[in-house]
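K.L.:
below is the sequence, then the predicted model.
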Number of protein chains: 2
Amino acid sequence: MKNKPLILITNDDGVKSGGISALIEAVRPYGDLLVVAPDSSKSGMSHAMTVKVPLYLSQVSQEEGLTIYKSNGTPADCVKMALGEILDKKPDYVLSGINHGTNSSISAFYSGTVAGAREGAFNSIPSIAFSLCDYNLDADFSEAANICRQIFLSVLENGMKPNDYFNVNIPKGDLVKEIKICRHAKGKWVEQFDKRKDPYERSYYWLTGYFENSEKEATDTDEWALNNGFASLVPCSIDATYHNRLKEMKDSFRFL
Amino acid sequence: MKNKPLILITNDDGVKSGGISALIEAVRPYGDLLVVAPDSSKSGMSHAMTVKVPLYLSQVSQEEGLTIYKSNGTPADCVKMALGEILDKKPDYVLSGINHGTNSSISAFYSGTVAGAREGAFNSIPSIAFSLCDYNLDADFSEAANICRQIFLSVLENGMKPNDYFNVNIPKGDLVKEIKICRHAKGKWVEQFDKRKDPYERSYYWLTGYFENSEKEATDTDEWALNNGFASLVPCSIDATYHNRLKEMKDSFRFL
């Protein structure tokens, strides 16, 4: 068991989801695994953390090389609890997913799965979020699991930097061409609301909408990769500063 | 009334909080205001959006130049509802806050207030998040409101770019030195959990902890500014890609 990396795994679809099982199986031969995942779906929870209600944590199972906990918290909470309560040493990697559904472009900001990886990076642990572009509850994760394994093995070989976190999206289908290192596509969600009446005659709304890629011609984006049969890997930053704009503003704004 | 900018205001502490009232009063002379804010506190909700329960929206009040709505959604939901359901034209600005508590450095990622501004930027609306570094429920927002007004007037004069969003933090106290354009400090939250027993003998945890600035010597960060009596303004990016790392990785990783 010596020299095997310690891998912390989380997700946002919950500890019982098919996606997290596929990720566990994909990397299990290469490390000791600690899974700490939400006890129910936390989709769309972004980087939320739980401060208004207390957190519970319970062990689900323990076997050679694989220990599983669940918590009522968000993916970010799960990583925090693993680091602060369960582990006495820092894991070598945080892996999050495999998410049921796409987290490319700005969707990464809404995603609990991506936040799980970002929380790892905040703690200087190389981290990767994996998402499969398939919302079907019965989605087949076998090819996605192959891609996860391939990326993880490449990471073991090439190394990651402590604050690295990668956002990986995998197209559905059983033949992914290759893995393409990309940037986030610029785009936006066009909001639409499905307006209904509840039994008490009050209006209520379901959020729907569609993603609009504002640079369809660019071939170096995650959206392009996914639409052309590639898996996309975007190296992300935990520094939200827009550095070019900062330099520019120092000249134009009447502040210090 | 003509030529007055249309300003959409949201926050994460809720429509009745002292901070949002202070922001409304600060900018009211300079625009027509639409407020759409959560009906209760959504602190720490980050960029979460509501997909599992329906959203409600109701008008709280309407007077000359100021219309107020509340919703059960998150700050991001509130901005989406304003754009998708209430308004028939795009607002000129989205302002979010004033938050009760600090949102500097990586705390910006956990913040619902900052997400409100980011959601504006996703929609190509210049947006600003304001936070006061005071968690006291009776915090005095008068100096913070002055800073908000000063920044907003400077923005009216200098212009913002469509995808600009600024993360502004204001130190507590009644004499803020000046406004300093900064970058996010590198740092992390050191997690601590306050472990207790519930009446049924189950362990539960309250998340606590403290922020550790990992570059205390640097004088160009928001943390330095706030610790030295300045308000900090960080121009932020909606592109999460780590571009320098992307170039580097294309050489070292065995992917496309």
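P.N.:
Arrived safely, thanks for sending.
K.L.:
the residue lying closest to A:Trp206 once chain neighbours are set aside sits in which helix or strand?
P.N.:
The shortest distance from A:Trp206 to any non-neighbouring residue, by Cβ to Cβ, 6 or more residues apart in numbering or on different chains, is to A:Asp194 (4.3 Å). C-beta here means a position set from N, CA and C on the backbone, and glycine is covered the same way. According to DSSP states H and E, A:Asp194 maps onto strand A:187-197.
K.L.:
list of residues touching that strand?
P.N.:
Residues external to strand A:187-197 that are found in contact with it (Cβ atoms under 8 Å, 6 or more residues apart in numbering or on different chains): A:105-107, A:203-215, A:223, B:54-55, B:80-81, B:83-85, B:122-124.
K.L.:
from those residues, list just the buried residues.
P.N.:
A:105-107, A:204-205, A:207, A:213, A:223, B:54-55, B:80-81, B:83-85, B:122-123 (16 or more other Cβ atoms under 10 Å in any protein chain shown).
K.L.:
out of the residues you listed, which are inside strands?
P.N.:
Within the buried ones among the contacts of strand A:187-197, residues falling in strands by DSSP state E are A:Tyr204, A:Tyr205, A:Leu207, A:Asn213.
K.L.:
among these, which one has the lowest pLDDT?
P.N.:
Within these, A:Leu207 has the lowest pLDDT, namely 88.
K.L.:
surely that residue meets B:Val53?
P.N.:
No - contact between A:Leu207 and B:Val53 fails when scored by Cβ atoms under 8 Å: they sit 10.3 Å apart.
K.L.:
and for those two, which residues touch both?
P.N.:
Common neighbours of A:Leu207 and B:Val53 (Cβ under 8 Å, 6+ apart) do not exist.
K.L.:
among the buried ones among the contacts of strand A:187-197, which are in helices?
P.N.:
A:Ser107, A:Glu223, B:Lys80, B:Met81, B:Phe122 (DSSP state H).
K.L.:
per-residue confidence for the first one?
P.N.:
pLDDT, A:Ser107: 94.
K.L.:
next: A:Glu248.
P.N.:
87.
K.L.:
for chain B, see how far away it is.
P.N.:
The gap separating A:Glu248 from chain B is 8 Å, by Cβ to the nearest Cβ, to the nearest Å.
K.L.:
quick check on that residue: phi, psi?
P.N.:
phi -60, psi -40 (degrees, to the nearest 10).
K.L.:
and what about the closest residue to A:Phe166 other than its chain neighbours, helix, strand or coil?
P.N.:
Nearest-residue entry for A:Phe166: A:Ile128, 4.6 Å, with adjacent residues in sequence omitted and distances by Cβ to Cβ, 6+ apart. What DSSP: H, G, I helix; E, B strand; the rest coil gives for A:Ile128 is strand.
K.L.:
tell me where the stretch 1-150 of chain A has strands.
P.N.:
Taking DSSP state E, counting those that start in this stretch as the criterion, the stretch 1-150 of chain A carries its strands at A:6-10, A:32-38, A:57-63, A:66-71, A:93-100, A:127-132.
K.L.:
can you redo those as CSV with mean neighbour count?
P.N.:
Formatted as CSV, the strands of the stretch 1-150 of chain A follow (neighbours: other Cβ atoms under 10 Å in any protein chain shown):
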stretch, mean neighbour count
strand A:6-10, 26
strand A:32-38, 24
strand A:57-63, 13
strand A:66-71, 20
strand A:93-100, 30
strand A:127-132, 30
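K.L.:
for B:Asp251, find the nearest of those strands.
P.N.:
Distance to B:Asp251, taken as Cβ to Cβ, is lowest for strand A:127-132 among those, at 19.4 Å.
K.L.:
which strands border the closest one, and is each parallel or antiparallel?
P.N.:
strand A:93-100 (parallel), strand A:165-170 (parallel) (DSSP bridges).
K.L.:
and the nearest residue to A:Pro75 once chain neighbours are set aside, what does it touch?
P.N.:
Closest residue to A:Pro75 apart from its sequence neighbours, by Cβ to Cβ, 6+ apart: A:Gly116 at 3.6 Å. Residues near A:Gly116 by Cβ under 8 Å, 6+ apart: A:Thr10, A:Asn11, A:Asp12, A:Pro75, A:Ala76, A:Cys78, A:Val79, A:Val94, A:Ser96, A:Ser127, A:Ala129.
K.L.:
my guess is the second one meets A:Ala22, correct?
P.N.:
Spelled out, it's A:Asn11. No - A:Asn11 sits out of contact with A:Ala22 when judged by Cβ under 8 Å, with a separation of 10.3 Å.
K.L.:
okay, the strands of the stretch 1-150 of chain A in CSV with mean pLDDT next?
P.N.:
Output for the strands of the stretch 1-150 of chain A, formatted as CSV (pLDDT from 0 to 100):
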stretch, mean pLDDT
strand A:6-10, 98
strand A:32-38, 98
strand A:57-63, 96
strand A:66-71, 98
strand A:93-100, 97
strand A:127-132, 98
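K.L.:
close to chain B: what parts of the stretch 1-150 of chain A are there?
P.N.:
A:41, A:43-52, A:54-57, A:76-77, A:80-81, A:83-85, A:106, A:108-110, A:115, A:118, A:122-124 (Cβ under 8 Å from any Cβ of the partner chain).
K.L.:
rerun that using 6 Å as the cut-off
P.N.:
A:44-49, A:51, A:54-56, A:80, A:84-85, A:106, A:108-110, A:122 (Cβ under 6 Å from any Cβ of the partner chain).
K.L.:
A:Glu143 contacts A:Leu175, correct?
P.N.:
No - between A:Glu143 and A:Leu175 no contact is recorded; they are 7.1 Å apart, counting by Cβ atoms under 6 Å.
K.L.:
of those two, give the one with the bigger neighbour count.
P.N.:
When A:Glu143 is set against A:Leu175 and neighbours are counted by other Cβ atoms under 10 Å in any protein chain shown, the residue ahead is A:Glu143, at 18 against 7.
K.L.:
excluding chain neighbours, what is closest to the more buried one?
P.N.:
Spatial nearest neighbour of A:Glu143, excluding adjacent residues (Cβ to Cβ, 6+ apart): A:Asp174 at 4.9 Å.
K.L.:
look up phi and psi at that neighbour.
P.N.:
According to degrees, to the nearest 10, A:Asp174 has phi -100, psi 10.
K.L.:
okay, it: pLDDT?
P.N.:
So, for A:Asp174, pLDDT stands at 82.
K.L.:
gap between it and A:Tyr135?
P.N.:
Per Cβ to Cβ, to the nearest Å, A:Asp174 is found 17 Å from A:Tyr135.
K.L.:
and the two? which has more neighbours close in?
P.N.:
A:Tyr135 (12 against 9).
K.L.:
residues touching that one, list them.
P.N.:
A:Tyr135 makes contact with A:Gly101, according to Cβ atoms under 6 Å, 6 or more residues apart in numbering or on different chains.
K.L.:
and the one 10 residues further on, by the same measure?
P.N.:
Listed by Cβ under 6 Å, 6+ apart, the contact set of A:Ala145 reads A:Ala22, A:Ala26.
K.L.:
for A:Ser111, same thing?
P.N.:
A:Asn103.
K.L.:
pipe the strands of the stretch 1-150 of chain A into a markdown table and attach distance to A:Ser252 per row.
P.N.:
As requested, the strands of the stretch 1-150 of chain A are exported to a markdown table (distance: least, Cβ to Cβ, whole Å):
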| stretch | distance to A:Ser252 |
| --- | --- |
| strand A:6-10 | 42 |
| strand A:32-38 | 45 |
| strand A:57-63 | 50 |
| strand A:66-71 | 47 |
| strand A:93-100 | 39 |
| strand A:127-132 | 36 |
